[in-house]
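Novice: how would this look folded up:
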Amino acid sequence: MRVAIVINTSWNIWNFRRSLVKALQAAGHEVLAVAPPDEYSARLETELGCRFVPIRMENKGTNPVKDAQLTRRFYQLYRRERPDIVLHYTIKPNIYGTLAARLAGIPSVNNVSGLGTVFIIRNMVSRVALGLYQFAFRFPRRIFFQNDDDRQLFLQHGLVQPHITDLLPGSGVDIQRFRPAAEFSRQQPFTFLMVARVLYEKGVEEYFEAARLVRTAVPGTRVQLLGGVDESGNIGVKRTVLDEWLRAGHIEYLGTSDNVAEHLDQADAVVLPSYREGTPKTLLEAAAMAKPIVTTDVPGCRETVENGVNGLLCQVRDAPDLAAKMLQILRLSDAELATMGRASRQLAEQKFDEQLVLDKYLRVVAEIDKKRK
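Specialist: Numbering: from 1, shown residues only. Predicted coordinates:
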């Protein structure tokens, strides 16, 4: 079968769907990577061996004329490339790609990897999004959700029929690639790491304030941020604002990296004060590397922490509470910190192994293939 993976950036396919591409290829399928071009597009072809098919897509904005044009571009692409099945990810492919696939007579499978700002901020845009989801989500063969809170929200709003939904443990994590160090060692000084794009909805503003409070209580503590700046729309922190925050001197900004595991290895604990997630890949990677986690008690994030066992949950949009939980982790003894880390690794192995995700995708692709014959 020819399987198209459709997503909002080539970077996203490279970082989050690489194992799925390999699993599909190993099962004998041809894989098309459909996304707007970026610096990772060529790597999809040269290093993964799938054909890259570019599409123009504005990831932000809700202009109905532009969105109608996007549906048309998806339709033309699907008619030209003739995939046997389309796997959609992120909001615009999930909505407009699904409509185009329906018009082109191609079965689709969707993945709701997080509800995004339109469900965090209730306004006219979110109401329009609800209507679009309700219309488009009549057509997929299967819709995967990454946590049950999101699934229940769609069911309560009547956006989807229960029988086509299923749950995944996020994107899963490669527990062979992300492994703990052979021996536990505490960093000197203690080091916290947040891995996320520099967006307000990731809780980055609260992280900066919490860093100030933590370093006031325990001077010298290292608080790091790894992730790209995204100034588009109203959710990204402007570079000028980030620079102003950094001048306070409480956070080390590490920029971006293709080797997240290296940075995780050098941290004592990983922090993500996000407002809402699907299931954050970075926390799954942190858990697999036996790192204690501090994250918010919100859908998507809370699934990665057994409170008090492998990490701590804090209140959303609450920098003092975040700081208090970070200090609580910092003040653990070496033995307590190591025990918490081992609990993270155990959770990753039992609940978030990416093979669980790959098996579900391979089964649904096989089912659709069988119905074609």
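
Novice: now T282. Nearest residue, chain neighbours left out?
Specialist: Leaving out its chain neighbours, the residue that sits closest to T282 by C-beta to C-beta, 6 or more residues apart in numbering is V195, at 4.0 Å. No exception for glycine: its C-beta is placed from N, CA and C like everyone else's.

Novice: the one you found contacts A267, correct?
Specialist: No: V195 lies out of contact with A267 (C-beta atoms under 8 Å); the separation is 9.1 Å.

Novice: what's the overlap in contacts for the two?
Specialist: Shared contacts of V195 and A267 (C-beta atoms under 8 Å, 6 or more residues apart in numbering): A286.

Novice: ok so, going back, quick check: phi and psi on the residue nearest to T282?
Specialist: Backbone torsions of V195, given as degrees, to the nearest 10, read phi -120, psi 110.

Novice: looking at it now. What's its pLDDT?
Specialist: Note on V195: pLDDT of 98.

Novice: R17 versus that one, what's the distance?
Specialist: Remark: distance between V195 and R17 (C-beta to C-beta, to the nearest Å) = 18 Å.

Novice: could you do I91 as well?
Specialist: Distance, I91 to R17, by C-beta to C-beta: 16 Å.

Novice: which of those two has more neighbours?
Specialist: R17 (25 against 21; other C-beta atoms under 10 Å).

Novice: number of residues surrounding the nearest residue to L167 once chain neighbours are set aside?
Specialist: Nearest residue to L167 in three dimensions, chain neighbours excluded: F145, at 5.7 Å (C-beta to C-beta, 6+ apart). When counting by other C-beta under 10 Å, one arrives at 25 neighbours for F145.

Novice: for F145, what are its contacts?
Specialist: Neighbour list for F145: 112, 151, 154, 165-168, 278 [criterion: C-beta under 8 Å, 6+ apart].

Novice: in a markdown table, list these along with pLDDT, distance to V65 and neighbour count.
Specialist: Compiled in a markdown table, those are given as follows (pLDDT from 0 to 100; distance: C-beta to C-beta, whole Å; neighbours: other C-beta atoms under 10 Å):
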| residue | pLDDT | distance to V65 | neighbour count |
| --- | --- | --- | --- |
| V112 | 93 | 26 | 27 |
| R151 | 92 | 32 | 20 |
| F154 | 91 | 27 | 22 |
| T165 | 97 | 32 | 21 |
| D166 | 97 | 34 | 14 |
| L167 | 95 | 36 | 14 |
| L168 | 94 | 34 | 21 |
| G278 | 88 | 29 | 24 |
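
Novice: can you put the residues you listed in a markdown table and add secondary structure and distance to M1?
Specialist: A markdown table is the format used below for the contacts of F145 (DSSP: H, G, I helix; E, B strand; the rest coil; distance: C-beta to C-beta, whole Å):
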| residue | secondary structure | distance to M1 |
| --- | --- | --- |
| V112 | strand | 23 |
| R151 | helix | 27 |
| F154 | helix | 28 |
| T165 | strand | 23 |
| D166 | strand | 20 |
| L167 | strand | 24 |
| L168 | coil | 21 |
| G278 | coil | 26 |
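
Novice: from those, which is closest to L213?
Specialist: If you rank the contacts of F145 by distance to L213 using C-beta to C-beta, G278 comes first, at 28.9 Å.

Novice: state the pLDDT value of G61.
Specialist: With respect to pLDDT, G61 scores 60.

Novice: typo on my end, A4
Specialist: For A4, the predicted pLDDT is 98.

Novice: how is this structure divided into domains?
Specialist: Here the domain parsing of the chain from automatic domain parsing is 2-172+353-372, 191-351.

Novice: relative to F178, which of these is closest?
Specialist: domain 191-351 (3.8 Å).

Novice: first vs last residue of the closest one, how far apart are they?
Specialist: End-to-end distance for domain 191-351, by C-alpha to C-alpha, to the nearest Å: 26 Å.

Novice: could you do stretch 210-224 as well?
Specialist: 12 Å.

Novice: same question for that stretch: list its buried residues.
Specialist: 210-215, 221-224 (16 or more other C-beta atoms under 10 Å).

Novice: tell me which of these is nearest to T256?
Specialist: Q224 (12.9 Å).

Novice: from L264, how far off is that closest one?
Specialist: In terms of C-beta to C-beta, Q224 sits 11 Å off from L264.

Novice: who touches both of those two?
Specialist: With C-beta under 8 Å, 6+ apart as the test, Q224 and L264 both reach L193.

Novice: nearest the middle, which residue of the protein would you pick?
Specialist: Against the mean C-alpha coordinate of the chain, by C-alpha atoms, centre = their mean, the closest residue is P280 at 4.6 Å.

Novice: thinking again about what came up before, narrow the buried residues of stretch 210-224 to those in helices?
Specialist: 210-215 (DSSP state H).

Novice: convert the host helix or strand of Y361 to CSV, retaining C-alpha atoms only.
Specialist: Element membership for Y361, per DSSP states H and E: helix 354-372. The C-alpha coordinates for helix 354-372 follow below in CSV (Å, rounded to 0.1, in the frame of the first residue of the first chain):
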residue,chain,number,x,y,z
GLU,A,354,6.3,3.3,21.2
GLN,A,355,5.7,-0.3,20.0
LEU,A,356,2.2,-0.1,21.5
VAL,A,357,1.6,2.9,19.1
LEU,A,358,3.2,1.2,16.1
ASP,A,359,1.2,-2.0,16.6
LYS,A,360,-2.1,-0.1,16.6
TYR,A,361,-1.2,1.8,13.4
LEU,A,362,0.0,-1.3,11.6
ARG,A,363,-3.3,-3.1,12.5
VAL,A,364,-5.6,-0.3,11.3
VAL,A,365,-3.5,-0.1,8.0
ALA,A,366,-3.8,-3.8,7.6
GLU,A,367,-7.5,-3.7,8.2
ILE,A,368,-8.0,-1.1,5.5
ASP,A,369,-5.8,-3.0,3.1
LYS,A,370,-7.8,-6.1,3.6
LYS,A,371,-11.1,-4.3,2.8
ARG,A,372,-9.5,-3.1,-0.5
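
Novice: no more questions from me, cheers.
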